[in-house]
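Enquirer: Just to be clear, the model below is a prediction. Sequence and coordinates:
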Amino acid sequence: MPAPSATAPASICIVRLSALGDVVMVLPLIKMLRRNWPAARITWIVGRDALPLVAPLANTATATADNNNVTANNNAVEIIPIEKPRRPADYLALRRQFKNRDFDALLCLQASWRANLIYPCIRARRKIGYSPDRAKDLHALFTRERIPPAPPRSHIIDGFFQFAETLGAARDASDYAAPWGLAIAPEARAWAAQTLPAAPWLAVAPCASKHERNWAPENYATVIAHAWRARKMPAILLGGPGESDRALSAQIRHRLDADVTQTGDSGLRTPDSVTGTRDAGLGARGAVFADLTGQTTLPQLAAAIAHPHCAALLAPDTGAVHIARAFGRPVIGLYAVAPATRTGPYRETGYCIDKFAAAVARFTNNKTTADTTATDDATTDTDATAALPWSFRVHDPRAMQLITPDEVRAQLAKLLNA
């Protein structure tokens, strides 16, 4: 039940600047806050890079007015985009920007030096931060209250919910039920309708922000070729404009081209890109594969994943996973560096492959004997890794290679046959 009106906060400020997946995972927290306190004014300070994705939540604001002049909209969030502060002058500018603002609560959802130094620039009656097991860079010095320690193998979103619970809110399953409120801009929706296939296709977002989370390109090529040969289901690569994204996609293309040469399978045609119409890419020609890496904006990426003919997303631990979860799109997630129950699609890990326990046993000094797949219950833990610190990761590039193409093909068959 919502907190009594006497204790309901009138204004709540959230700070979460990045990364893309973490920004998307803030959305269930906003749903929870809005359900508990419909009249509260919610302000979200977010990194400018993420603005195109979250801008539809509300009109952007400059936050230069005093509290009495800020218009509350019960159905909107005040989005305040900022560049990540880098110099003392940047923090002084932030302090000036917020000098006439007072909040009932500041939710400090990011624990890093750059973010921690933002918190003294914002006046709030309550400043809530992470527990010591998740805090870093002297986070506790910049907050006044702490959320409880993380339960074993709990998800990042569970941690975000703890901020609202510390404030007095009550959690409900509707808070994380899709959709999460991530709207698709009309221009992006029109682009997707014009560009993407009008029959089921597989989205593949292969590149994570850290190389250790990446699966081998030949493995992706094997699965993509199988999806076409077994199901006549084409695949579309999605990714950012960065060098690592483009390089991994190029390697996958090369592997598929080699498959065509070795097998003589003319059905495995791989156009270089989708250039704006179905005929230029997958649609009419029935090619198995197209590469949109570096060719989409953030709204277009979301529109592609939310497209009605996108059957599923295949990806490692990357932001696209959480966009898919926000729209209720099935995810075949690949996890070994961290468990799917911690960083995967929230409470929807039934199609994920989780080799975290096996990677811990093989590549670290913390030996376990279990080799489990993820479950739909993010609080369930069936192996000895529960004793590890919440933030424990397997920093070994061999960890992801414990996942085999056969396992991924089996999960794809399970999903498509459901």
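Expert: Noted; the coordinates are in hand.

Enquirer: alpha carbons only for contacts and neighbour counts from here, please
Expert: Noted.

Enquirer: Can you show me the helices along the stretch 101-250 of the chain?
Expert: Here the stretch 101-250 of the chain has its helices, by DSSP state H, counting those that start in this stretch, at 113-116, 156-167, 186-195, 217-231, 243-263.

Enquirer: which stretches of this structure form strands?
Expert: Using DSSP state E, the strands found in the chain span residues 11-15, 41-47, 78-82, 102-108, 123-129, 145-146, 201-204, 235-237, 289-291, 310-315, 331-335, 353-354.

Enquirer: want to try JSON lines for those, with distance to residue 188 and mean neighbour count as columns?
Expert: As requested, the strands of the chain are exported to JSON lines (distance: least, CA to CA, whole Å; neighbours: other CA atoms under 10 Å):
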{"stretch": "strand 11-15", "distance to residue 188": "27", "mean neighbour count": "21"}
{"stretch": "strand 41-47", "distance to residue 188": "21", "mean neighbour count": "21"}
{"stretch": "strand 78-82", "distance to residue 188": "20", "mean neighbour count": "21"}
{"stretch": "strand 102-108", "distance to residue 188": "31", "mean neighbour count": "22"}
{"stretch": "strand 123-129", "distance to residue 188": "36", "mean neighbour count": "20"}
{"stretch": "strand 145-146", "distance to residue 188": "40", "mean neighbour count": "18"}
{"stretch": "strand 201-204", "distance to residue 188": "17", "mean neighbour count": "24"}
{"stretch": "strand 235-237", "distance to residue 188": "17", "mean neighbour count": "25"}
{"stretch": "strand 289-291", "distance to residue 188": "18", "mean neighbour count": "25"}
{"stretch": "strand 310-315", "distance to residue 188": "15", "mean neighbour count": "24"}
{"stretch": "strand 331-335", "distance to residue 188": "22", "mean neighbour count": "28"}
{"stretch": "strand 353-354", "distance to residue 188": "31", "mean neighbour count": "26"}
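
Enquirer: To residue 393, which of the ones you listed lies closest?
Expert: strand 331-335 (10.9 Å; CA to CA).

Enquirer: partners of that closest one in the sheet?
Expert: strand 310-315 (parallel), strand 353-354 (parallel) (DSSP bridges).

Enquirer: gap between it and the chain center?
Expert: Offset of strand 331-335 from its chain centre (CA atoms, centre = their mean, to the nearest Å): 12 Å.

Enquirer: Also stretch 142-158?
Expert: Worked out by CA atoms, centre = their mean, stretch 142-158 lies 18 Å from the chain centre.

Enquirer: Mind exporting the C-alpha coordinates of that stretch to CSV?
Expert: The C-alpha coordinates for stretch 142-158 follow below in CSV (Å, rounded to 0.1, in the frame of the first residue of the first chain):
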residue,chain,number,x,y,z
PHE,A,142,28.0,12.3,0.2
THR,A,143,24.8,10.7,1.4
ARG,A,144,23.0,10.7,4.7
GLU,A,145,21.1,7.4,4.6
ARG,A,146,21.8,4.0,3.2
ILE,A,147,19.6,1.3,1.6
PRO,A,148,19.9,-2.2,3.2
PRO,A,149,22.6,-4.6,2.0
ALA,A,150,21.9,-6.5,-1.2
PRO,A,151,20.3,-9.9,-0.8
PRO,A,152,22.5,-12.7,-2.5
ARG,A,153,22.3,-12.6,-6.3
SER,A,154,19.7,-9.8,-6.2
HIS,A,155,19.2,-7.8,-9.4
ILE,A,156,20.3,-4.2,-10.0
ILE,A,157,16.6,-3.2,-10.2
ASP,A,158,16.0,-4.7,-6.8
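
Enquirer: Model confidence score at residue 322, please.
Expert: Looking at residue 322, its pLDDT is 98.

Enquirer: Can you give me the neighbour number for it?
Expert: 23 (other CA atoms under 10 Å).

Enquirer: thinking again about what came up before, same list as before, the strands of the chain that is, but in TSV and with mean pLDDT included.
Expert: TSV is the format used below for these (pLDDT from 0 to 100):
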stretch	mean pLDDT
strand 11-15	98
strand 41-47	98
strand 78-82	97
strand 102-108	98
strand 123-129	98
strand 145-146	98
strand 201-204	98
strand 235-237	97
strand 289-291	91
strand 310-315	98
strand 331-335	98
strand 353-354	98
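
Enquirer: do you know which of those lies nearest residue 175?
Expert: Residue 175 sits nearest to strand 41-47 of all the strands of the chain, at 15.9 Å, using CA to CA.

Enquirer: helices or strands up against the closest one?
Expert: Helices and strands in packing contact with strand 41-47 are listed as strand 11-15, strand 78-82; criterion 3 or more CA pairs under 8 Å, 6 or more residues apart in numbering; DSSP states H and E.

Enquirer: hmm, who's touching it?
Expert: 10-18, 23, 72-74, 76-84 (CA atoms under 8 Å, 6 or more residues apart in numbering).

Enquirer: how is the chain carved up into domains?
Expert: The chain breaks down by automatic domain parsing into domains covering 5-175, 187-417.

Enquirer: Deepest-packed of those domains, please.
Expert: domain 187-417 (a mean of 20; mean count of other CA atoms under 10 Å).

Enquirer: what about it, how long is it end to end?
Expert: Terminal residues of domain 187-417 lie 33 Å apart, using CA to CA, to the nearest Å.

Enquirer: Show me how far the worst-scoring helix or strand of the chain on mean pLDDT is from its chain's centre.
Expert: Lowest mean confidence among the helices and strands of the chain (mean pLDDT, DSSP states H and E): helix 243-263, at a mean of 86. Offset of helix 243-263 from its chain centre (CA atoms, centre = their mean): 26 Å.
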